[in-house]
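Student: Pasted the sequence and its predicted model underneath.
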Amino acid sequence: MEFLRDSLKQIQPLYEEKIEEAWQRIDNLTKPIGSLGTLEKIAARMAGITGNLVNSRLKKNIVIMCADNGVVEEGVSACPKDITRIVTENFTRGITGVCVFADMVQADLTVVDIGVDAEFNNTKIINKKIMRGTKNIAKGPAMEYREAVEAIEVGIAIVDELVKKGYNLLGTGEMGIANTTTSAAVLCALSNLEPDVVVGKGAGLTEEQYRHKIEVVKRALDVNKPNQNDPIDVLAKVGGLDIAGLCGCFIGAAKNRVPIVIDGFISSAAALCAVRLNPKIKDYIFPSHLSAEPGAIYMMKEIGLEPMLNLNMRLGEGSGCPFAFFIIEASQKMMRDMGSFEDANIVNNFLIDIREEKAI
């Protein structure tokens, strides 16, 4: 717990003077003011995070937290539990969605077993297993409070190590069958929203299974009564090890002044927990896309951020992060290579035109 407390204390506000300096440059680029919209906001915030007007060498990594969820026994997923193990292995084979898209933008992957109900003989999977999956939240707490803290601290430590290796742009991914159920429960617990509003069909449930999933989330909230004012209590009672680990990643990124990208619904739940633990973390987060899960838009409202894209994606894995990486890099390309009005002779020519008009 001490490591978590110290990490939260180390998080500092953005460099406001660098944000102002960035906006001065942005508004002097050869374009109408504000015409590059969100790219301009990203560039200014990147300057505030890093203290650099231009961040031209971005070394990218997507952290994928993998864990099983006991609530799967309630029939809330169309996929069998063993898919967690299979896909975790497949991340190391380069054949999943996130692998393909990460390769497209030269991003590396860090695959972490934080709670898969299986043992791996694979050196590409980092073993940080806290337990072999959580308990069924429909019957009681997912885990003990100390185990939720331990999972958060795993995420912080993973990010600390990645920063030491030179990574300065991070993404968040996950694998865990039934984790849209736990994420919906976390959102409901941290807000005043009802399960009927935020629960989605996940990996292709029928209408009957969907209605059952809503009832399971309601039961989990009734049975566990998570404390809305304590995100760790929420994670311990109705969350998952993957969400808790990713929560730690957001804390670690802010602690190290490194920008970090949300993928979709599950990593949004982790981001929301992190922001509730320390509101300054919000300034270090960039949401990639609006997940097709119905609760995703409410997750964004609770965090107070807007996603860059809406591609109707709901794969998870961190698959949205590479698209955000590309956009963030585009903002830095703009800052580095786009000319100013002076560079383009626009100001001088404009003044000459004005003088000539007055002379006439």
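Tutor: Great, that's in hand. Numbers count the residues shown, from 1 in each chain.

Student: contacts, neighbours, all on C-alpha from now
Tutor: Will do.

Student: how close does residue 166 get to residue 3?
Tutor: From residue 166 over to residue 3 the distance is 22 Å, taken as Cα to Cα, to the nearest Å.

Student: When these two are compared, which one has more neighbours?
Tutor: It is residue 3, of residue 166 and residue 3, that has more neighbours when counted by other Cα atoms under 10 Å, with 14 against 11.

Student: How about that one, nearest residue that isn't a chain neighbour?
Tutor: Counting by Cα to Cα, 6 or more residues apart in numbering, residue 153 is the residue found nearest to residue 3 once chain neighbours are left out, at 6.9 Å.

Student: can you give me the strands in the stretch 201-350 of the chain?
Tutor: Per DSSP state E, counting those that start in this stretch, the stretch 201-350 of the chain carries strands over the ranges 260-262, 285-287.

Student: Need the winner for burial among those strands.
Tutor: For these, the largest average neighbour count (mean count of other Cα atoms under 10 Å) is found in strand 260-262, namely a mean of 30.

Student: Does anything pack onto it? Which helices or strands?
Tutor: Strand 260-262 sits against strand 169-175, strand 285-287, helix 321-337, with contacts defined as 3 or more Cα pairs under 8 Å, 6 or more residues apart in numbering; DSSP states H and E.

Student: could you redo the last one with a cut-off of 6 Å?
Tutor: Applying 3 or more Cα pairs under 6 Å, 6 or more residues apart in numbering; DSSP states H and E, one finds that strand 260-262 contacts strand 169-175, strand 285-287.

Student: Quick one: work out the angle between the longest one and helix 321-337.
Tutor: What it means is strand 169-175. Here the directions of strand 169-175 and helix 321-337 differ by 170 degrees (axes from the mean of the first three to the mean of the last three Cα atoms, to 10 degrees).

Student: gap between whichever helix or strand comes after strand 169-175 and the chain center?
Tutor: As assigned by DSSP states H and E, the chain's next helix or strand after strand 169-175 is helix 179-190. Here helix 179-190 is found 15 Å from its chain centre; the criterion is Cα atoms, centre = their mean, to the nearest Å.

Student: Spit out the contact partners of residue 170.
Tutor: Residue 170 sits next to 60-62, 260 when contact means Cα atoms under 6 Å, 6 or more residues apart in numbering.

Student: Scan this structure for its longest helix.
Tutor: Determined from DSSP state H, the single longest helix within the chain is helix 145-164.

Student: Setting aside sequence neighbours, what's the nearest residue to the most centrally placed residue in the chain?
Tutor: Taking Cα atoms, centre = their mean as the criterion, residue 262 is the residue nearest the geometric centre of the chain, at 2.0 Å. Closest residue to residue 262 apart from its sequence neighbours, by Cα to Cα, 6+ apart: residue 287 at 4.5 Å.

Student: quick one: contacts for the one you found?
Tutor: Contacts for residue 287 (Cα under 6 Å, 6+ apart) come out as 261-262, 307.

Student: ok, residue 321 to residue 170 distance?
Tutor: Taking Cα to Cα, one finds residue 321 at 8 Å from residue 170.

Student: Sketch out the low-pLDDT regions of this structure for me.
Tutor: 346-360 (pLDDT under 70).

Student: can you rerun that using 50?
Tutor: 351-360 (pLDDT under 50).

Student: Quickly list the domain ranges of it.
Tutor: Here the domain parsing of the chain from automatic domain parsing is 2-54+335-359, 60-324.

Student: Could you look over the ones you listed and pick the most buried one?
Tutor: By mean count of other Cα under 10 Å, these have domain 60-324 as the most buried, with a mean of 22.

Student: and that domain, how far out from the chain's middle?
Tutor: 8 Å.
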